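Chemist: Compute the structure for the input listed below.
(chains A and B)
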Amino acid sequence: MTEYTYEVTDTSTSAGPTPSQTVGPFFHYALPYEHGPRLAGPDRPGVFRLAGRVVDGEGNGVSDALVEVWQADEQGRFVTEPGVYAEATGAGFRGFGRCATDFDGRFELHTVKPGRVPTVEGRQQAPHLAMSVFARGMLRRAATRVYFDDEADANAVDPLLVSVEEGRRATLVATRAEDGYRFDVHLQGDRETVFLDVFAR
Amino acid sequence: MSELDPPYRFPDYRSTAFRSPSKALVMPPAGLTELTGPRFGHGDVRDSDADLTVHGSSEAIGERIIVHGRVTDADGRPVRHSLVEVWQANAAGRYIHQGDQHPAPLDPNFVGAGRCLTDDEGRYRFTTIKPGPYPWKNHTNAWRPAHIHFSLFGRAFTQRLVTQMYFPGDPLFYQDPIFNSVRDERARKRMISVYDHTATRPEWATGYRFDIVLGGAEATPVEDGEA
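Modeler: Residues are numbered from 1 along each chain as shown, chains lettered A, B, ... in the order given. Okay, here's the model as predicted:
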């Protein structure tokens, strides 16, 4: 069989990390899934609602954002069993959660308060979740942590919280609400959430 | 912060104006929260999830293509058994999304969402339809180059990446602020797939290769063998 080979301009690519791009406005039929907002099953002791709003620099709710969280269980252990799309039934726990915001920028997750997880250097940290926010108009995700306002003693010595200027610490702390906690994400402005550099390469 | 990623604020892309954090990012202390991430198993995906062309009652309309590549970390190690999610417009440049008002036809046989797990070598493969370009309202006569959205987890929260794969030779690159928000030319070109005749299947579909390199640290760079 004949094969033809003509020389053309080389389009080979360079080595290095693949850059980030925006999630765009049309991810809703691909990324959110039914059980995404539920990290902990309804029968798990201590399960609560973590609800909040993603707000832009003009104070408007971001209606096309995607919020993800990753966290340890109550003992500070990270789930290693595979499976994220499955439902956390009964007293089950999954560790990963995902929720698209509604028309007003609101999201909600159902989870438990994680145990304490040390830094790699062995320093104790206050209970916290890792959170990512993706949205149309965001060329890369915003990463942050969610702490809890009823952990004042642990928060007071948490290495990350104490490294943040005092006036901005509260942006990282969820506040107690009727059926759980409230945590708003301010992408920009006077109340801008402290975002983390997790992009080291 | 990596210079290779686009900035949060890129005025040419108007929607970044009020959605871009403006204060300096804070480096968290290294700990397992950010250095681990969810694991994935074959219960998360079905084989048919990797073929975006077979979910209707008949063939999806458009140019059938195979998109494949390898996911590696910054040191070239394969990222195994990790979730890859994709979504895209159809051949006419229309998303199956109520917010998409582009007056181009929907294809009842094409949804445009897929997922798969990388294999033992970090490889993934999708069969799909080449997406069309589509207009948007960012500036006068603005058109997005054809692209496929990719969502990758890697092994750690730090490696989480959402990006877009483009096609070689697209004439719309020059006027697209999203593509050009990556200011480093070499990094920008890494978002462009390469036509791959070795992946092209005779009498069936043309092939494109898109390798993905995840940055970010992880807790267990050694092989753990787990799914």
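
Chemist: all strands of the chain, in order?
Modeler: In the absence of a named chain, this looks at chain A. Using DSSP state E, the strands of chain A run over A:48-55, A:65-70, A:96-100, A:106-111, A:129-135, A:142-148, A:173-177, A:180-182, A:185-186.

Chemist: ah, no, chain B please
Modeler: Using DSSP E, strands in chain B cover B:64-73, B:83-88, B:113-117, B:123-129, B:134-136, B:142-144, B:147-152, B:161-166, B:194-195, B:206-209, B:212-214.

Chemist: who's in contact with stretch A:192-201?
Modeler: A:17, A:140, A:142-145, A:164, A:168-169, A:171-172, A:184-187, B:1-2, B:4-5, B:21-23, B:25-28, B:34, B:74, B:157-158, B:215-217 (CB atoms under 8 Å, 6 or more residues apart in numbering or on different chains). Quick note: C-beta positions are derived from backbone N, CA and C, even for glycine.

Chemist: how about 7 Å then?
Modeler: Outside stretch A:192-201, the residues that touch it by CB atoms under 7 Å, 6 or more residues apart in numbering or on different chains are A:17, A:142-145, A:164, A:168, A:171-172, A:185-186, B:1-2, B:5, B:21-23, B:25-28, B:34, B:74, B:157-158, B:215-217.

Chemist: Among those residues, which ones are in helices?
Modeler: A:168, B:34 (DSSP state H).

Chemist: picking up where we left off before, let's have the strands of chain B in a markdown table, adding mean pLDDT.
Modeler: Conversion of the strands of chain B to a markdown table gives the following (pLDDT from 0 to 100):
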| stretch | mean pLDDT |
| --- | --- |
| strand B:64-73 | 97 |
| strand B:83-88 | 98 |
| strand B:113-117 | 96 |
| strand B:123-129 | 98 |
| strand B:134-136 | 96 |
| strand B:142-144 | 96 |
| strand B:147-152 | 98 |
| strand B:161-166 | 98 |
| strand B:194-195 | 95 |
| strand B:206-209 | 98 |
| strand B:212-214 | 96 |
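
Chemist: would you turn the ones you listed into TSV with distance to chain A and mean neighbour count?
Modeler: Converted to TSV, those look like this (distance: least, CB to the nearest CB, whole Å; neighbours: other CB atoms under 10 Å in any protein chain shown):
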stretch	distance to chain A	mean neighbour count
strand B:64-73	9	22
strand B:83-88	3	24
strand B:113-117	4	22
strand B:123-129	12	22
strand B:134-136	9	17
strand B:142-144	9	19
strand B:147-152	6	24
strand B:161-166	4	24
strand B:194-195	6	16
strand B:206-209	10	19
strand B:212-214	5	22
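
Chemist: would you turn the ones you listed into JSON lines with distance to residue A:47?
Modeler: Shown next, in JSON lines, are the strands of chain B (distance: least, CB to CB, whole Å):
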{"stretch": "strand B:64-73", "distance to residue A:47": "34"}
{"stretch": "strand B:83-88", "distance to residue A:47": "25"}
{"stretch": "strand B:113-117", "distance to residue A:47": "28"}
{"stretch": "strand B:123-129", "distance to residue A:47": "35"}
{"stretch": "strand B:134-136", "distance to residue A:47": "41"}
{"stretch": "strand B:142-144", "distance to residue A:47": "41"}
{"stretch": "strand B:147-152", "distance to residue A:47": "27"}
{"stretch": "strand B:161-166", "distance to residue A:47": "29"}
{"stretch": "strand B:194-195", "distance to residue A:47": "48"}
{"stretch": "strand B:206-209", "distance to residue A:47": "44"}
{"stretch": "strand B:212-214", "distance to residue A:47": "32"}
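
Chemist: and of those, who's closest to residue A:73?
Modeler: strand B:83-88 (20.9 Å; CB to CB).

Chemist: which secondary element of chain B has the worst mean pLDDT?
Modeler: Least confident helix or strand, chain B: helix B:185-189 with a mean of 92, by mean pLDDT, DSSP states H and E.

Chemist: Centre-most residue in chain A?
Modeler: For chain A, the residue nearest the mean C-alpha position is residue A:131 (1.8 Å; CA atoms, centre = their mean).

Chemist: right, and it touches residue A:144 too?
Modeler: Yes. Counting by CB atoms under 7 Å, residue A:131 touches residue A:144, with 5.1 Å between them.
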